[in-house]
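Student: The sequence isn't on hand, but the structure is:
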(Lines give C-alpha, C1' and ligand atoms only; values in the text may rest on other atoms or scores of the structure.)
Protein backbone atom coordinates (compact mmCIF):
# COMPACT_ATOMS: atom_id res chain seq x y z
CA UNK A 1 0.00 0.00 0.00
CA UNK A 2 1.29 3.45 -0.93
CA UNK A 3 1.68 5.80 2.00
CA UNK A 4 1.78 9.45 0.94
CA UNK A 5 3.15 11.96 3.41
CA UNK A 6 2.67 15.59 2.39
CA UNK A 7 5.16 18.39 3.03
CA UNK A 8 8.26 16.13 3.03
CA UNK A 9 10.11 17.36 -0.07
CA UNK A 10 10.38 21.11 0.58
CA UNK A 11 11.88 23.20 3.34
CA UNK A 12 8.90 25.34 4.33
CA UNK A 13 10.26 26.43 7.70
CA UNK A 14 8.98 29.92 8.58
CA UNK A 15 6.67 29.90 5.54
CA UNK A 16 3.15 31.17 6.27
CA UNK A 17 1.83 31.87 2.76
CA UNK A 18 2.09 29.89 -0.48
CA UNK A 19 1.30 31.65 -3.76
CA UNK A 20 0.40 29.49 -6.76
CA UNK A 21 0.41 30.25 -10.43
CA UNK A 22 -2.62 28.69 -12.14
CA UNK A 23 -1.99 27.73 -15.78
CA UNK A 24 0.53 24.88 -16.00
CA UNK A 25 0.64 24.53 -12.22
CA UNK A 26 -2.92 23.78 -11.09
CA UNK A 27 -4.70 23.47 -14.42
CA UNK A 28 -3.11 21.61 -17.33
CA UNK A 29 -2.86 23.73 -20.47
CA UNK A 30 -1.85 23.19 -24.07
CA UNK A 31 -1.56 26.49 -26.01
CA UNK A 32 -0.97 24.53 -29.23
CA UNK A 33 -4.61 23.42 -29.11
CA UNK A 34 -5.72 27.05 -29.34
CA UNK A 35 -3.23 27.74 -32.12
CA UNK A 36 -4.58 24.77 -34.08
CA UNK A 37 -8.19 25.85 -33.48
CA UNK A 38 -7.43 29.39 -34.64
CA UNK A 39 -5.78 27.98 -37.76
CA UNK A 40 -9.07 26.22 -38.54
CA UNK A 41 -10.81 29.59 -38.30
CA UNK A 42 -8.50 30.98 -40.96
CA UNK A 43 -5.83 32.67 -38.84
CA UNK A 44 -2.52 31.79 -40.45
CA UNK A 45 -0.42 33.75 -37.96
CA UNK A 46 -1.96 32.32 -34.77
CA UNK A 47 1.50 31.54 -33.33
CA UNK A 48 2.42 35.21 -33.58
CA UNK A 49 -0.78 36.22 -31.80
CA UNK A 50 -0.02 33.85 -28.94
CA UNK A 51 3.60 34.98 -28.59
CA UNK A 52 3.21 38.75 -28.88
CA UNK A 53 5.20 40.64 -26.27
CA UNK A 54 4.85 44.10 -24.82
CA UNK A 55 1.98 45.74 -22.98
CA UNK A 56 0.62 47.15 -26.24
CA UNK A 57 -0.14 43.73 -27.72
CA UNK A 58 -3.85 42.90 -27.80
CA UNK A 59 -3.34 39.70 -25.82
CA UNK A 60 -1.49 41.44 -23.02
CA UNK A 61 -3.95 44.33 -23.02
CA UNK A 62 -6.70 41.74 -22.66
CA UNK A 63 -4.88 40.01 -19.80
CA UNK A 64 -4.52 43.41 -18.12
CA UNK A 65 -8.27 43.98 -18.37
CA UNK A 66 -7.78 47.02 -20.60
CA UNK A 67 -10.14 45.76 -23.31
CA UNK A 68 -13.46 43.93 -23.09
CA UNK A 69 -14.35 40.40 -24.21
CA UNK A 70 -16.18 41.82 -27.23
CA UNK A 71 -13.22 43.99 -28.23
CA UNK A 72 -10.89 41.00 -28.06
CA UNK A 73 -13.30 38.74 -29.95
CA UNK A 74 -13.75 41.38 -32.66
CA UNK A 75 -9.97 41.72 -32.95
CA UNK A 76 -9.64 37.97 -33.50
CA UNK A 77 -12.61 37.96 -35.90
CA UNK A 78 -10.83 40.43 -38.20
CA UNK A 79 -8.29 37.71 -38.97
CA UNK A 80 -10.77 34.85 -39.38
CA UNK A 81 -12.79 33.67 -42.37
CA UNK A 82 -15.86 35.92 -42.95
CA UNK A 83 -18.41 33.38 -41.69
CA UNK A 84 -16.71 32.88 -38.30
CA UNK A 85 -19.13 33.23 -35.38
CA UNK A 86 -18.07 34.69 -32.00
CA UNK A 87 -18.92 31.34 -30.35
CA UNK A 88 -16.37 29.64 -32.64
CA UNK A 89 -13.74 32.14 -31.48
CA UNK A 90 -14.54 31.57 -27.80
CA UNK A 91 -14.33 27.80 -28.23
CA UNK A 92 -11.01 28.12 -30.06
CA UNK A 93 -9.65 30.50 -27.44
CA UNK A 94 -10.58 28.14 -24.61
CA UNK A 95 -9.25 25.03 -26.37
CA UNK A 96 -5.93 25.31 -24.51
CA UNK A 97 -7.63 24.83 -21.13
CA UNK A 98 -7.49 21.17 -20.13
CA UNK A 99 -8.20 19.39 -16.84
CA UNK A 100 -7.57 20.16 -13.20
CA UNK A 101 -6.36 16.85 -11.70
CA UNK A 102 -8.14 15.91 -8.49
CA UNK A 103 -4.79 15.05 -6.91
CA UNK A 104 -3.84 18.73 -7.02
CA UNK A 105 -7.09 19.74 -5.35
CA UNK A 106 -6.42 17.18 -2.60
CA UNK A 107 -2.97 18.68 -2.15
CA UNK A 108 -4.36 22.22 -1.93
CA UNK A 109 -6.87 21.12 0.70
CA UNK A 110 -4.03 19.61 2.77
CA UNK A 111 -1.88 22.70 2.40
CA UNK A 112 -4.72 25.03 3.36
CA UNK A 113 -4.76 23.43 6.81
CA UNK A 114 -1.28 24.81 7.53
CA UNK A 115 -0.73 27.75 5.18
CA UNK A 116 -2.51 30.73 3.70
CA UNK A 117 -2.97 29.88 0.01
CA UNK A 118 -3.09 32.57 -2.67
CA UNK A 119 -3.58 32.34 -6.43
CA UNK A 120 -1.71 34.69 -8.77
CA UNK A 121 -2.45 34.30 -12.46
CA UNK A 122 -1.91 36.11 -15.75
CA UNK A 123 -5.28 35.44 -17.30
CA UNK A 124 -8.22 36.91 -19.19
CA UNK A 125 -11.96 37.02 -18.60
CA UNK A 126 -12.98 34.41 -21.18
CA UNK A 127 -10.52 31.90 -19.77
CA UNK A 128 -11.62 32.76 -16.25
CA UNK A 129 -15.25 31.99 -17.06
CA UNK A 130 -14.28 28.63 -18.56
CA UNK A 131 -11.88 27.33 -15.93
CA UNK A 132 -14.02 28.59 -13.04
CA UNK A 133 -16.69 26.14 -14.19
CA UNK A 134 -14.01 23.46 -14.53
CA UNK A 135 -12.77 24.20 -10.99
CA UNK A 136 -16.26 23.91 -9.51
CA UNK A 137 -16.87 20.71 -11.45
CA UNK A 138 -13.63 19.13 -10.22
CA UNK A 139 -14.16 20.21 -6.61
CA UNK A 140 -17.87 19.27 -6.62
CA UNK A 141 -19.13 22.80 -6.17
CA UNK A 142 -16.34 24.52 -4.25
CA UNK A 143 -15.64 28.17 -5.05
CA UNK A 144 -12.22 29.79 -5.29
CA UNK A 145 -12.44 31.18 -1.76
CA UNK A 146 -13.15 27.69 -0.40
CA UNK A 147 -9.57 26.75 -1.30
CA UNK A 148 -7.64 30.03 -1.57
CA UNK A 149 -7.62 32.91 0.88
CA UNK A 150 -7.54 35.33 -2.05
CA UNK A 151 -7.15 35.09 -5.83
CA UNK A 152 -5.33 37.70 -7.89
CA UNK A 153 -6.19 37.63 -11.59
CA UNK A 154 -4.30 39.99 -13.89
CA UNK A 155 -7.42 41.15 -15.74
CA UNK A 156 -8.98 42.25 -12.43
CA UNK A 157 -6.02 44.02 -10.83
CA UNK A 158 -4.59 45.44 -14.10
CA UNK A 159 -1.13 44.09 -13.38
CA UNK A 160 0.59 41.03 -14.79
CA UNK A 161 3.66 38.94 -14.20
CA UNK A 162 6.60 39.38 -14.47
CA UNK A 163 6.16 43.06 -13.54
CA UNK A 164 7.52 43.58 -10.04
CA UNK A 165 4.46 45.70 -9.29
CA UNK A 166 2.16 42.69 -9.16
CA UNK A 167 4.24 41.01 -6.46
CA UNK A 168 4.43 44.23 -4.44
CA UNK A 169 0.66 44.53 -4.80
CA UNK A 170 0.05 41.06 -3.36
CA UNK A 171 2.53 41.53 -0.50
CA UNK A 172 0.94 44.85 0.45
CA UNK A 173 -2.66 43.69 0.12
CA UNK A 174 -2.04 40.56 2.17
CA UNK A 175 0.33 42.31 4.62
CA UNK A 176 2.79 39.42 4.34
CA UNK A 177 6.56 39.30 4.51
CA UNK A 178 8.56 38.08 1.47
CA UNK A 179 10.73 35.80 3.58
CA UNK A 180 7.58 34.09 4.92
CA UNK A 181 6.14 33.63 1.43
CA UNK A 182 6.68 30.78 -1.03
CA UNK A 183 5.82 31.24 -4.73
CA UNK A 184 5.39 28.46 -7.32
CA UNK A 185 5.29 29.23 -11.06
CA UNK A 186 6.19 27.41 -14.27
CA UNK A 187 7.79 30.54 -15.79
CA UNK A 188 11.42 31.22 -14.89
CA UNK A 189 10.97 34.91 -15.74
CA UNK A 190 8.17 35.19 -13.17
CA UNK A 191 10.25 33.37 -10.58
CA UNK A 192 13.26 35.63 -11.09
CA UNK A 193 11.20 38.78 -10.48
CA UNK A 194 9.68 37.40 -7.29
CA UNK A 195 13.16 36.51 -6.03
CA UNK A 196 14.19 40.16 -6.39
CA UNK A 197 11.79 40.98 -3.55
CA UNK A 198 13.13 38.22 -1.31
CA UNK A 199 10.22 35.83 -1.90
CA UNK A 200 11.15 32.16 -1.65
CA UNK A 201 10.37 30.45 -4.94
CA UNK A 202 10.22 27.24 -6.91
CA UNK A 203 10.35 27.04 -10.71
CA UNK A 204 7.95 24.19 -11.44
CA UNK A 205 9.02 21.96 -14.31
CA UNK A 206 7.19 18.79 -13.34
CA UNK A 207 4.12 17.71 -11.40
CA UNK A 208 2.98 19.98 -8.58
CA UNK A 209 2.09 17.18 -6.17
CA UNK A 210 5.59 15.71 -6.44
CA UNK A 211 6.95 18.79 -4.65
CA UNK A 212 5.02 18.11 -1.50
CA UNK A 213 5.07 14.40 -1.02
CA UNK A 214 7.43 11.58 -0.27
CA UNK A 215 6.04 8.23 -1.29
CA UNK A 216 7.06 5.01 0.40
CA UNK A 217 5.72 1.50 -0.07
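Tutor: Right, received. Where do you want to start? Just so it is clear, the structure is predicted and the values come from calculations on it, not from any experiment.
Student: Show me the strands in this protein, by range?
Tutor: 3-6, 17-20, 116-121, 150-153, 181-185, 200-203, 213-216 (DSSP state E).
Student: deepest of the ones you listed, which one?
Tutor: strand 181-185 (a mean of 25; mean count of other CB atoms under 10 Å). Just so you know, the C-beta spots here come from the backbone N, C-alpha and C atoms, and that holds for glycine as well.
Student: Now render the strands of the chain as JSON lines, adding distance to residue 136.
Tutor: Shown next, in JSON lines, are these (distance: least, CB to CB, whole Å):
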{"stretch": "strand 3-6", "distance to residue 136": "24"}
{"stretch": "strand 17-20", "distance to residue 136": "17"}
{"stretch": "strand 116-121", "distance to residue 136": "15"}
{"stretch": "strand 150-153", "distance to residue 136": "14"}
{"stretch": "strand 181-185", "distance to residue 136": "22"}
{"stretch": "strand 200-203", "distance to residue 136": "27"}
{"stretch": "strand 213-216", "distance to residue 136": "25"}
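Student: Redo those strands as TSV? Include distance to residue 99 and mean pLDDT.
Tutor: Shown next, in TSV, are these (distance: least, CB to CB, whole Å; pLDDT from 0 to 100):
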stretch	distance to residue 99	mean pLDDT
strand 3-6	21	45
strand 17-20	16	98
strand 116-121	17	98
strand 150-153	19	98
strand 181-185	19	97
strand 200-203	22	95
strand 213-216	20	50
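Student: Select, out of those strands, the one closest to residue 71.
Tutor: Proximity to residue 71, assessed across the strands of the chain by CB to CB, is greatest for strand 150-153 (18.0 Å).
Student: partners of that closest one in the sheet?
Tutor: strand 116-121 (parallel) (DSSP bridges).
Student: Tell me, how many residues neighbour the closest residue to residue 103 other than its chain neighbours?
Tutor: Leaving aside its chain neighbours, residue 103 sits nearest to residue 209 (5.2 Å; criterion: CB to CB, 6 or more residues apart in numbering). The tally of other residues near residue 209 (other CB atoms under 10 Å) stands at 18.
Student: So which of the strands of the chain is nearest residue 78?
Tutor: strand 150-153 (26.2 Å).
Student: Report the separation between the residue nearest to residue 163 when sequence neighbours are not counted and residue 183.
Tutor: Spatial nearest neighbour of residue 163, chain neighbours left out: residue 193 (7.4 Å); criterion: CB to CB, 6+ apart. Separation of residue 193 from residue 183 (CB to CB, to the nearest Å) stands at 10 Å.
Student: Need the overlap of contacts for these two.
Tutor: Counting by CB atoms under 8 Å, 6 or more residues apart in numbering, the shared contacts of residue 193 and residue 183 are residue 167.
Student: about what we covered before: kindly provide the distance from the residue nearest to residue 163 to residue 165.
Tutor: Distance from residue 193 to residue 165, by CB to CB: 10 Å.
Student: Compare the two (neighbour count), which wins?
Tutor: Taking other CB under 10 Å, residue 193 and residue 165 do not tie; residue 193 has more neighbours (21 against 13).
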